[in-house]
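> Build me a structure from this.
(chains A and B)
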Amino acid sequence: MMHRIAVGAFVLVTALGAPAFAQEEPAIKLKEAPGLDKVQANCAACHSLDYIQMNSPFLNAAGWEAEVTKMMKAFGAPVSDADAPVIVDYLKKNYGG
Amino acid sequence: MISRRRLLEGAGVGAVVAGAGIGLDALKAAAAPLDLPKALPAGTRAEAVLEALPGKKPLIKLTYRPPNYESPVSTFRTAITPNDSFFVRYHLSDIPNVDAKTWRLAVGGDGANGRVELSLDDLRAMPATEVIAVCQCSGNRRGLFEPHVAGVEWGYGAMGCARFTGVRLKDVLDKVGLKKEAIELVLDGADGPAFDKTPDFVKSIPVGKALEDGLIAYEMNRQPLPHFNGFPARLILPGWTATYWVKHITSIMATTKPFEGFWMKSAYRIPLGRFPLLARFPSQDTDVNTPISEMVVNSLITSHDDGSEVKAGAPLAIGGVAWDGGYGIRSVELTTDGGHNWTAAQLGEDLGRFAFRPFSHSFTPAKGKFSVMARATNKVGQTQTAELILNPAGYHHNVMHSITLNVA
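Numbering: from 1, shown residues only, chains lettered A, B, ... in the order given. Purely as a prediction, here's the structure:
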């Protein structure tokens, strides 16, 4: 089962009909660099941004590209063709190994 | 609504928690340094914090949404893991607060002769069974893989062992009657994706294993299941990795064809022939890979934190837990010379073949630094590996665990 939440917004709270367990998610501070706004707008719609820190710095450029592709192809993330390369570029420059 | 407090090392802890009952423990945990394995990715070590989810003691937070929290190694100093210290693992972030009164479990499918919907009261009215079983994430210790692989970068604590009470899957299936052609059971839970194009977390299990060992559990350590461990009921598949232990379970559908969902066909797969496993899931095999199945034999030293100091001239008890895919632990041996000489540890209480088996060995070490390593062997002769068995998704890490102690 699933509920639908707004995608494209920087979602900080996942209050989906679960009052007793609704979580306030602390804002994850990623490195300030070009592309961060696209990362926040796209990636954070479905998961917290600590996933990026957690998977660093061992993913190289090809590794980050594969992750973004997986999010789009396997998990259906609605990342635009314009945003995808900006996100990959941000990840490999700031969290790549 | 319960607000949650973030516990950062060295950060102020003045925030107020409303009714979550975690105050004192949380404060103690916040003061303690978070001692993560040095083999974890640097980014993981930097972002992980001790933090308490509602109803839980502070655990090691790897990700907030979906929530992925592991238990500190010291949790495993006992064979039974308390509910409030039990690890939390979700793939998808829409996790509803299930109302036990309106919750229903649907049982049917094209491999069944009928269909029923069961309430929690219906389940509780059926004969109850208990099993003490290890629930371990397939990717436990993924963060220790070298080279690292992408995913949730777990240390040692994506596991726990609890007493589960519930109804045999066989008894539930008897209510609808399985057809001879039924080969798999497809399991779905109430949790789902944040976005409708993301594949829902749906798993299948082979009918044979399901009938033999499967349980629909509504209690964990004689308490209702914690929300974050699958309230009000979850599947228990003793011996097999936790990917099949579907939480907040809402439907069990028998099928006459292999289930084609993403979480079976693409995820949780291991290369064919790479691991010495006996349990198989043949209806899901391809020419190159196979679904993960039973846990590999493993052990963990838990009596002491790695790098800690112990007193010279006094007996030292090194201990921990060992487990496997359900054949039972035959022996645990320890070495302090890198594997030249091994000494059998004493095995603790046998809580059943699916449970953690405690082990302990006492001796008086000489002054100075030394390392101690543990190796478990199960009753079918499988043992732990000295060298990591590589696989793309980082599953089944059972490299022998060692710690270094300073005798002073």
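
> Tell me where the model's unsure across the chain.
If you meant another chain, say so; for now it's chain A. Scanning chain A for pLDDT under 70 picks out the ranges A:1-23.

> meant chain B actually
Filtered on pLDDT under 70, chain B yields the residue ranges B:1-33.

> what's the spacing between the residue nearest the centre of it and chain A?
For chain B, the residue nearest the mean C-alpha position is B:Gln136 (2.1 Å; Cα atoms, centre = their mean). Counting by Cβ to the nearest Cβ, to the nearest Å, the gap from B:Gln136 to chain A is 20 Å. C-beta here means a position set from N, CA and C on the backbone, and glycine is covered the same way.

> Make sure that residue is actually in contact with B:Met295.
Yes. B:Gln136 lies in contact with B:Met295 (Cβ atoms under 8 Å); the separation is 5.7 Å.

> Now for the two: what residues contact both?
B:241, B:323 (Cβ atoms under 8 Å, 6 or more residues apart in numbering or on different chains).

> Please, where are all the strands along chain A?
With strands called from DSSP state E, chain A shows them at A:13-14, A:23-24.

> Next, the nearest residue to B:Pro258 once chain neighbours are set aside: secondary structure please.
The spatially closest residue to B:Pro258, leaving aside those adjacent along the chain, is B:Ser283, at 4.6 Å (Cβ to Cβ, 6 or more residues apart in numbering or on different chains). Following DSSP: H, G, I helix; E, B strand; the rest coil, we place B:Ser283 in the helix state.

> Count the residues that sit near B:Ser283.
B:Ser283 sits with 16 neighbouring residues when counted by other Cβ atoms under 10 Å in any protein chain shown.

> And B:Val207, by the same measure?
Quick note: B:Val207 (other Cβ under 10 Å) scores 21 neighbours.

> separation between it and chain A?
B:Val207 sits 24 Å away from chain A, going by Cβ to the nearest Cβ.

> residues contacting that residue?
Contact analysis of B:Val207 by Cβ under 8 Å, 6+ apart lists B:111, B:178, B:182-185, B:254.

> cool, and B:Val372?
Neighbours of B:Val372 in contact, by Cβ under 8 Å, 6+ apart: B:301, B:318, B:334-336, B:402-403, B:405.

> Looking at those residues, state which has the most neighbours.
For the contacts of B:Val372, counting by other Cβ under 10 Å, the largest number of neighbours falls to B:Ile301: 25 neighbours.

> Tell me the spatial nearest neighbour of that one, not counting adjacent residues.
In this structure, B:Ile301 finds its nearest non-sequential neighbour in B:Gly320, 4.3 Å apart by Cβ to Cβ, 6+ apart.

> element containing that neighbour?
strand B:316-323 (DSSP states H and E).

> can you list contacts of that strand?
Applying Cβ under 8 Å, 6+ apart, the set of residues contacting strand B:316-323 is B:76-77, B:79, B:134, B:136, B:161, B:295, B:297-304, B:310, B:329, B:332, B:334, B:345, B:348, B:354-365, B:372, B:374, B:376, B:401, B:405, B:407.

> who's in contact with the next helix or strand after it?
Scanning the chain past strand B:316-323 towards its C-terminal end, the next helix or strand to appear is strand B:329-335 (assignment: DSSP H and E). Contacts of strand B:329-335 with the rest of the structure, by Cβ under 8 Å, 6+ apart, involve B:297, B:299, B:318, B:320, B:322-323, B:341-345, B:347, B:357, B:359, B:361, B:372-379, B:381.
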